[in-house]
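> build me a model from this:
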Amino acid sequence: SWIILLVVQPILIHKKRFAAHRFLGKLSYITAPLMVVSMFLILKLSYHKNLPNSSIEKEIAGQASTIMQILSFVVLYALAIIYRKHTFYHVRFMIGTALLMITPTLGRIFYGYFAAEIMYEMYLTLLIASNLLVVDIRKKLDWKPNAIVAGVLFSFVSVYHARNTDVWQTFGRLWVDTFY
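As a prediction, this is how the structure comes out:
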């Protein structure tokens, strides 16, 4: 449903159907939290399903990217809503949520069809966000929203690489103890 909203919303703006755009935007106040809750429930189910055949440390490390995807989505969506009346910022933060949706789709393709061992999809989304930042800078546009998007995606990639560290494992245990 989120991808459909991301495709339909700019079309509505282009066709000057502002009332429909606002209605679907308000509908996202329901769909976005439902998406976050469903991602969380899948994450929790996955943890408990895999734990009998794994270690707590391995499961916490394995959930790093999904936890960061949830947190990143919440941050970018919240910023898009906060700046809903500032179109320039709103659009860029919504693009950030779209970039986050690319990650699981490409991940399934890279792992399922190519047996990739590196998470190329995370680097690709970071590269796209960085390029959007460079475009804004070159066009002398306000670079701050794309810098925030790139920073959020950089933290996403950084946590993936830190998933086996004591810092992430401590955070992961706190997450598990609090939410699972």
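
> measure how buried residue 107 is and give me the count.
By the criterion of other CB atoms under 10 Å, residue 107 has 16 neighbours. In this view, the C-beta of every residue, glycine as well, is placed from N, C-alpha and C.

> show me what contacts the nearest residue to it once chain neighbours are set aside?
Take residue 107 and drop its neighbours on the chain: the residue closest to it by CB to CB, 6 or more residues apart in numbering is residue 121, 4.8 Å away. Applying CB atoms under 8 Å, 6 or more residues apart in numbering, we find residue 121 in contact with 102, 103, 104, 105, 106, 107, 110.

> what is the burial count for the residue nearest to residue 61 when sequence neighbours are not counted?
Closest residue in space to residue 61, ignoring its immediate chain neighbours: residue 163 at 4.1 Å, by CB to CB, 6+ apart. Neighbour count of residue 163, defined by other CB under 10 Å: 21.

> could you do residue 180 as well?
Residues near residue 180, counting by other CB under 10 Å: 13.

> list the residues that contact residue 61.
By CB under 8 Å, 6+ apart, the contact list for residue 61 reads 163, 164, 168, 169, 172.

> how close does residue 79 get to residue 93?
Using CB to CB, to the nearest Å, we find residue 79 at a distance of 4 Å from residue 93.

> between the two, who's got more neighbours?
residue 93 (24 against 21).

> residues contacting that one?
76, 77, 79, 80, 83, 145, 148, 149 are the contacts of residue 93 under CB under 8 Å, 6+ apart.

> any idea of the pLDDT on the residue nearest to residue 107?
Among the per-residue scores, residue 121 holds a pLDDT of 87.

> after the helix or strand hosting it, which helix or strand is next?
Under the criterion of DSSP states H and E, residue 121 resides in helix 120-138. The helix or strand immediately downstream of helix 120-138 is helix 144-161, counting by DSSP H and E.

> may I have the next helix or strand after that following helix exported as CSV, CA atoms only?
Sequence order places helix 166-179 as the next helix or strand after helix 144-161, per DSSP H and E. These are the backbone C-alpha positions of helix 166-179, laid out as CSV (Å, rounded to 0.1, in the frame of the first residue of the first chain):
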residue,chain,number,x,y,z
ASP,A,166,29.1,-4.9,21.7
VAL,A,167,27.3,-1.6,21.2
TRP,A,168,24.8,-3.0,18.8
GLN,A,169,24.4,-6.2,20.8
THR,A,170,23.6,-4.1,23.9
PHE,A,171,21.1,-2.1,22.0
GLY,A,172,19.6,-5.2,20.5
ARG,A,173,19.3,-6.9,23.9
LEU,A,174,17.5,-3.8,25.2
TRP,A,175,15.2,-3.9,22.1
VAL,A,176,14.4,-7.5,22.7
ASP,A,177,13.9,-7.1,26.4
THR,A,178,11.7,-4.1,25.9
PHE,A,179,9.6,-5.1,22.9
